[in-house]
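1. Sequence first, then the predicted structure:
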Number of protein chains: 2
Amino acid sequence: MSDAKKTLARGGAPHRHPTLTDVARLAGVSRSVAGRVLNGGTGNTRFSDQAADAVREAAARLQYRPNHAARQLRGKRSRTFGVLVASVGDPLLTFLVQHIDAAAVSIGCRTLLANTIGNPDVGPDQFDYHVDDFARRGVDGVVCAVHDWCEGDRRALLQRHPNTVFYEDPGMEGAACVVPDRAEAVRLAVRHAASRGRRRIGLAVMALSRPTGQERLAGYRAEADARGLPWDERLIFDGEPHGLGYARHNSQTRQWEFPVELMDRVIDALVRDAGADAVVAHNDFWAAALMRRMRRRGIRVPDDVAVVGYLNHYLADWTDPPLTSIDPMQTVAGQKLVEILEQGASGDAPAADGVTFRVAPRLIERQSA
Amino acid sequence: MSDAKKTLARGGAPHRHPTLTDVARLAGVSRSVAGRVLNGGTGNTRFSDQAADAVREAAARLQYRPNHAARQLRGKRSRTFGVLVASVGDPLLTFLVQHIDAAAVSIGCRTLLANTIGNPDVGPDQFDYHVDDFARRGVDGVVCAVHDWCEGDRRALLQRHPNTVFYEDPGMEGAACVVPDRAEAVRLAVRHAASRGRRRIGLAVMALSRPTGQERLAGYRAEADARGLPWDERLIFDGEPHGLGYARHNSQTRQWEFPVELMDRVIDALVRDAGADAVVAHNDFWAAALMRRMRRRGIRVPDDVAVVGYLNHYLADWTDPPLTSIDPMQTVAGQKLVEILEQGASGDAPAADGVTFRVAPRLIERQSA
DNA sequence: CTGAAAGCGCTTACAG
DNA sequence: CTGAAAGCGCTTACAG
């Protein structure tokens, strides 16, 4: 076997990375000193300026980078957070994932993204698989942002990885979570529509039976009451009886399926039957589909009916008209999630125990309302 | 300091993970045997059934999982691939990133996603930062899918990580890459429009001066010739002189900015002046904006003008009308990228040297053309 | 078939 | 201020 082949077989790297020993030798000091200089310990950081200079120069010359695995083995943190999501490209969570990563990087950590669905090759129990793999890799903490209608043993996760935070309330004792304030989101939407003179404001919710559905309804009632809007049950649309109660993920196309035609039921109920002049949609996808079907039926947006979305997904810029939408501020949520995890990991404070952090939403005005 | 606090400070984990030593002790064998049973070496896998059973039972009982860092330190692969993208949530690449990860997971590896822009907290040279960090963590290979108009020293990357593959041709000697076949993409679009009876097919390109722009043009000409369509220079729109020559990323909003109004220049040039009855748009975002502006100008899609997008982004399902679009098959590209990396990492074959793999696109018909 | 032993690269008391 | 040494958890020749 040739030398070249040997090194290749050793892991694909054609040249050995320089180690602390190499640096120490070049600098003419012991590994101990080199290590202290380069990684500034907790106080026993004693060495001469002379030694320090020599070491740093050697390190620079060799392009030395500390081996992460060795540090971790020695008891250091992995500086890695696991992030569980239904699918990496989940349109509902792109900004969250993105910002969790940004927040992690800004404190010198990394993110290990894990799809729990959407990978038929690996089989159905990918939630457990990833939880397991996270343990092997010794992540410092885990964000679980898997939708509640997707499978996965959250309890086992929390047991294996005590430093776990959920995005959305998993409804478990002792589980810390960060949640978007949906009641406030709907309040903002209703307030906006009302301030534009709308009086008959409809609310379209995917599933009223879920806690999040109830929250939305509560926000609606609160704001309607505050504004003195008349209460009319017909202005509340529940998607569940219409087969809109949950999202279906097609693992073939890797997309969430969405029966656009069913949006006509929303229009029938809210606009035609209840005479709504505004609709607060379940999310931007509902809103986009609603606007399309409305146009087909000769209903003008926003002239006849104002539409407010939820998510402020980048889709919102591309609908016609561009969509006024409530931003759940996933960027703030991402930051908070990492902050909690970091506290748990650094030991400054125990991982937040069963605390729920609510993230305040914000309305982004475009042209649909 | 209490015991609980001590363990917390040790890294956030309240209980030590069981090690091979624990398993061996419980099974009543040596670590060597336990190791051989649990990790089946390359042939010296000799042990009695009795020993194997005992070890496996012990491992199961203790929920033993091999420590990744230790294995890696001992010379095993990290089973991790670094993925460089401009931004994790980059709408142009969501499916690619997603499928790279899926492909990696299906061979027991993981993906380390790295944003090169979009994280102002870390500073401007994040490309280098991540390249460095990848070295520390000993990734088995790197996918670089950073847009060519974004900064980053590709040459240094390739030197530090010889097992690197690019998505899109970086134009460097010896760099392997996977590229979507843009000429074929435009051919498919033109063919589709022509087969629907369109004769004056316009082509809107972001920047004709770029190689990819030239490829698109070549595809256009090839198909137009094959169909006997008359050549008319006015049917080619180059965005560059109109300030559409590159995408701008707003790190505040973490979105790509897009001057929707400028799409009117496209309509002016292609539809009004050149009388196009079909437009092959630069991508789905252009297409979505075009359709919106056309509607405003009383131009019906597809009745008056057919529109074909490029990307088959999930946006395509939500435009009005839903967008017929060319899918660059990023899922196939993702698989190919990982395949190449895996070959390089496993040493079966040297990392593909300077080879370019072209991925065949596919047309997805919806209603705009 | 089995186990004692070396060593991956680092960190960190510990003794000089 | 400095260096020899132990040890993190694993893998793997090597000698029994």
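-> Cool, got the structure. These numbers were taken from a predicted model, which means no experiment stands behind them.
2. Now do the strands in chain A.
-> A:80-85, A:110-115, A:141-144, A:164-167, A:176-180, A:201-205, A:236-238, A:248-250, A:255-257, A:278-280, A:306-310, A:324-327, A:356-359, A:362-364 (DSSP state E).
3. Same list as before, these that is, but in a markdown table and with mean neighbour count, distance to DNA strand C and mean pLDDT included.
-> No exception for glycine: its C-beta is placed from N, CA and C like everyone else's. Shown next, in a markdown table, are the strands of chain A (neighbours: other Cβ atoms under 10 Å in any protein chain shown; distance: least, Cβ to the nearest atom of the strand, whole Å; pLDDT from 0 to 100):
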| stretch | mean neighbour count | distance to DNA strand C | mean pLDDT |
| --- | --- | --- | --- |
| strand A:80-85 | 26 | 16 | 95 |
| strand A:110-115 | 24 | 17 | 92 |
| strand A:141-144 | 28 | 19 | 96 |
| strand A:164-167 | 26 | 25 | 96 |
| strand A:176-180 | 23 | 27 | 96 |
| strand A:201-205 | 27 | 52 | 98 |
| strand A:236-238 | 22 | 56 | 98 |
| strand A:248-250 | 13 | 41 | 70 |
| strand A:255-257 | 15 | 44 | 70 |
| strand A:278-280 | 32 | 53 | 98 |
| strand A:306-310 | 29 | 46 | 98 |
| strand A:324-327 | 26 | 41 | 98 |
| strand A:356-359 | 17 | 31 | 96 |
| strand A:362-364 | 16 | 42 | 98 |
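4. right, and the ones you listed - which one's nearest B:F81?
-> strand A:110-115 (11.8 Å; Cβ to Cβ).
5. Show me what that closest one is packed against.
-> Packing partners of strand A:110-115 (3 or more Cβ pairs under 8 Å, 6 or more residues apart in numbering or on different chains; DSSP states H and E): strand A:80-85, helix A:94-106, helix A:126-137, helix B:94-106, strand B:110-115.
6. and those, which is most packed in?
-> Highest mean neighbour count of the helices and strands packed on strand A:110-115: strand A:80-85, a mean of 26 (counted as mean count of other Cβ atoms under 10 Å in any protein chain shown).
7. How about residues contacting it?
-> A:93, A:97, A:100-101, A:104, A:109-116, A:127, A:130-131, A:134, A:137-146, A:152, A:157, A:161, A:338, A:341 (Cβ atoms under 8 Å, 6 or more residues apart in numbering or on different chains).
8. picking up where we left off before, adding distance to A:R56, write the strands of chain A out as TSV.
-> Shown next, in TSV, are the strands of chain A (distance: least, Cβ to Cβ, whole Å):
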stretch	distance to A:R56
strand A:80-85	27
strand A:110-115	25
strand A:141-144	32
strand A:164-167	38
strand A:176-180	41
strand A:201-205	60
strand A:236-238	66
strand A:248-250	52
strand A:255-257	51
strand A:278-280	60
strand A:306-310	53
strand A:324-327	46
strand A:356-359	42
strand A:362-364	46
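9. mind checking which of those strands is nearest DNA strand D?
-> Of all these, it is strand A:80-85 that lies closest to DNA strand D, at 16.4 Å by Cβ to the nearest atom of the strand.
10. Could you dump the helices and strands packed on strand A:110-115 into TSV with distance to DNA strand D added?
-> Converted to TSV, these look like this (distance: least, Cβ to the nearest atom of the strand, whole Å):
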stretch	distance to DNA strand D
strand A:80-85	16
helix A:94-106	24
helix A:126-137	8
helix B:94-106	20
strand B:110-115	17
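11. Can I get those in CSV including distance to A:S48?
-> Formatted as CSV, the helices and strands packed on strand A:110-115 follow (distance: least, Cβ to Cβ, whole Å):
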stretch, distance to A:S48
strand A:80-85, 35
helix A:94-106, 34
helix A:126-137, 38
helix B:94-106, 46
strand B:110-115, 37
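12. Relative to A:A226, which of those is closest?
-> Nearest to A:A226, of those and by Cβ to Cβ, is helix A:94-106 at 29.7 Å.
13. any weak-confidence spans in chain A?
-> A:1-15, A:40-45, A:88-89, A:118-124, A:249-255, A:348-352 (pLDDT under 70).
14. Break it into its domains for me.
-> If you go by automatic domain parsing, the domain ranges for chain A are A:3-73, A:80-180+A:331-361, A:182-327.
15. Which of those sits closest to B:L62?
-> Of the domains of chain A, nearest to B:L62 by Cβ to Cβ is domain A:80-180+A:331-361, at 12.3 Å.
16. Straight-line length of the closest one, end to end?
-> Domain A:80-180+A:331-361 has an end-to-end distance of 28 Å (Cα to Cα, to the nearest Å).
17. any idea how far that domain is from the chain center?
-> 8 Å (Cα atoms, centre = their mean, to the nearest Å).
18. what's the neighbour count on A:E342?
-> A total of 21 residues lie near A:E342 under the criterion other Cβ atoms under 10 Å in any protein chain shown.
19. Could you check how far the closest residue in space to A:L270 that isn't next to it in sequence is from A:V280?
-> What sits nearest to A:L270 in space, not counting adjacent residues and going by Cβ to Cβ, 6 or more residues apart in numbering or on different chains, is A:G202, at 3.6 Å. A:G202 sits 7 Å away from A:V280, going by Cβ to Cβ, to the nearest Å.
20. cool, and A:N67?
-> 54 Å.
21. what do you get for A:A287?
-> 9 Å.
22. Need the residues touching each of those two.
-> A:V308, A:Y310.
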